[in-house]
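**Student:** no sequence for this one, just the structure:
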């Protein structure tokens with residue numbers, strides 16, 4: 001078993017979830033927090049089955065994640 005940190009965002013039309021530290025793009029969505037989390041967990045399993053264990057982070061696991069804000073020109 002491996003621990004994977006997952007970001008879950010709440011939007012006006014539902015929830016979006018994505019893991020940190022995987023190679024490639026994996027996203028889940030749902031009408032509730034629980035649905036989005038279940039969807040992304042299923043997507044992670046499929047991603048690993050499809051592309052192999054190489055998509056998992058190396059021996060240096062993600063310890064913390066931070067949310068930062070930046071202003072960029074439009």
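**Tutor:** Received, thanks. Computed from a prediction, not measured in an experiment: that's the story for all the values here.

**Student:** please state the backbone phi and psi of residue 7?
**Tutor:** With angles defined as degrees, to the nearest 10, residue 7 sits at phi -90, psi 130.

**Student:** OK, contacts around it?
**Tutor:** Each residue near residue 7 by Cβ atoms under 8 Å, 6 or more residues apart in numbering is listed here: 17-20, 65. (Glycine included, C-beta is placed from N, CA and C.)

**Student:** so what's it scoring on pLDDT?
**Tutor:** Listed pLDDT for residue 7 reads 95.

**Student:** in the sheet, who's paired with it?
**Tutor:** With DSSP bridges as the criterion, residue 7 is bridged to residue 18.

**Student:** any idea how far it is from residue 67?
**Tutor:** Residue 7 sits 9 Å away from residue 67, going by Cβ to Cβ, to the nearest Å.

**Student:** just the buried residues of the contacts of residue 7.
**Tutor:** Those of those that meet the buried threshold are 17-19, by 16 or more other Cβ atoms under 10 Å.

**Student:** for this structure, what are the low-confidence residue spans?
**Tutor:** Residues of the chain that meet the criterion pLDDT under 70 lie in 57, 59.

**Student:** please, where are all the strands along it?
**Tutor:** 6-11, 14-19, 28-30 (DSSP state E).

**Student:** next, count neighbours for residue 6.
**Tutor:** 18 (other Cβ atoms under 10 Å).

**Student:** right, and it touches residue 17 too?
**Tutor:** Yes. Look at residue 6 against residue 17 with Cβ atoms under 8 Å: they come within range, at 5.6 Å.

**Student:** shared neighbours of the two, which are they?
**Tutor:** In contact with both residue 6 and residue 17: 37, 40, using Cβ under 8 Å, 6+ apart.

**Student:** got TSV for the contacts of residue 7, with distance to residue 74 too?
**Tutor:** Shown next, in TSV, are these (distance: Cβ to Cβ, whole Å):
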residue	distance to residue 74
17	28
18	25
19	30
20	27
65	27
